[in-house]
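> using only what follows, build the 3D model:
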Amino acid sequence: MEKNIHDLIHPTAIIHPNAKLGLGTRVGPYSVIGADVVTGEHCEIQEHVVLRGKVTIGSYCRLFPHAFIGGEPQHLGYKNEPTEVVMGDRVVLREYVTVHRGTLAGGNTTQIGNDCLIMAYTHIGHDCHVGNRVIIVNAVQLAGHVVIEDFVTLGGQSGVIQHCRVGKFCYVGGGSMIRKDLPPFFSGKGNVFEVQGFNKVGMERAGISAERIANIKRIYKIFCLQKLTVSNAIEMISSELSDSEDAEIFLRFVRDSKVGCHR
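Numbers count the residues shown, from 1 in each chain. As a prediction, this is how the structure comes out:
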């Protein structure tokens, strides 16, 4: 039998009467939940969590102590507009994670997908879009307008500067700084970031076939090792891997880049 809602909310928690908490959601001591917060079912909001502004959280999420979600964006142009944070299902936010709302200039919304693990002291800035099954290790800093695609792992104490993207299945080693777009499937590390290979282990763990991985290896060799110009590399990948869906994903990402790509 489902417990009475009063048994799931600690008496020291401060919850605005207009907040909407899903069935089975627990709220721990001294947490503060604002008027425009909506959660899905069976979330676990532990002690000293703050949910402020327009925040929508999916089901089965876990928010650890001192997580702060929905704070105003750190943007000089923000004028208290009603922007938001939207988060998917089964997301874990560890201690002291901060996620700021979007801005009108950036599309209004900061977004986190499903099944993400965001470790302690990470900051997700305004208008960031984090995909599904992303792992962000301790103390990673995402500036505003960053895109992290599906199945990415970002190593601890790394940073991604404004308007940069990290493509799907990328692996970024700890202590790295991403200053350009990092195309899908690549791996590397460094404060002066260097692509050092492709994320074979991550793709194998995700069930990607050996044939697809072989194609991705070929993409990596053409783009990073043959010392071609970007346009010539694009042409060669298009010619040699014309039937590959992964090549199409890769080429679309590179062609859409506005800040250049790490190679």
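
> what segments of this protein are helices?
5-8, 200-205, 210-220, 230-240, 245-256 (DSSP state H).

> show me which positions of the fourth one end up buried.
In this case it means helix 230-240. For helix 230-240, the neighbour count (16 or more other C-beta atoms under 10 Å) marks 233, 234, 236, 237 as buried. Just so you know, the C-beta spots here come from the backbone N, C-alpha and C atoms, and that holds for glycine as well.

> again, but for stretch 176-191
Neighbour-count burial for stretch 176-191 flags 176-179, 181-189 (criterion: 16+ other C-beta under 10 Å).

> which among the residues you listed gets closest to residue 225?
Nearest to residue 225 out of those is residue 186 (C-beta to C-beta; 11.9 Å).

> per-residue confidence for the closest one?
According to the prediction, residue 186 has pLDDT 98.

> was I right about it contacting residue 262?
Yes. Assessed by C-beta atoms under 8 Å, residue 186 is found in contact with residue 262 at 7.3 Å.

> which residues are common contacts for these two?
Shared contacts of residue 186 and residue 262 (C-beta atoms under 8 Å, 6 or more residues apart in numbering): residue 195.

> re the thing from before, would you tell me which of the helices of the chain gets closest to residue 137?
Residue 137 lies closest to helix 200-205 among the helices of the chain, at 13.8 Å (C-beta to C-beta).

> which strands and helices sit next to that closest one?
With contacts taken as 3 or more C-beta pairs under 8 Å, 6 or more residues apart in numbering; DSSP states H and E, helix 200-205 sits against helix 210-220.

> what average pLDDT does the helix it packs on get?
Helix 210-220 comes out with an average pLDDT of 97.

> got the buried residues for it?
Neighbour-count burial for helix 210-220 flags 213, 215, 216, 218, 219, 220 (criterion: 16+ other C-beta under 10 Å).

> identify, from the residues you listed, the entry nearest to residue 105.
residue 219 (33.9 Å).

> pretty sure that closest one sits against residue 246.
Yes. Between residue 219 and residue 246 there is a contact under C-beta under 8 Å: 7.1 Å.

> low-scoring stretches of the stretch 1-150 of the chain, by residue?
By pLDDT under 70, the weakly predicted segments of the stretch 1-150 of the chain are 1-6.

> re the thing from before, out of the helices of the chain, nearest to residue 101?
Across the helices of the chain, residue 101 has its closest neighbour in helix 245-256 (25.4 Å, C-beta to C-beta).

> quick check: buried residues in the closest one?
Burial within helix 245-256, assessed by neighbour count using 16+ other C-beta under 10 Å, is assigned to 246, 247, 249, 250, 251, 253, 254.

> out of the residues you listed, which is nearest to residue 30?
The nearest member of those to residue 30, counting by C-beta to C-beta, is residue 253 at 43.5 Å.

> if I look at the closest one, how far off is residue 11?
Distance, residue 253 to residue 11, using C-beta to C-beta, to the nearest Å: 50 Å.

> equivalent analysis for residue 208, please.
Relative to residue 11, and taking C-beta to C-beta, residue 208 is found at 49 Å.
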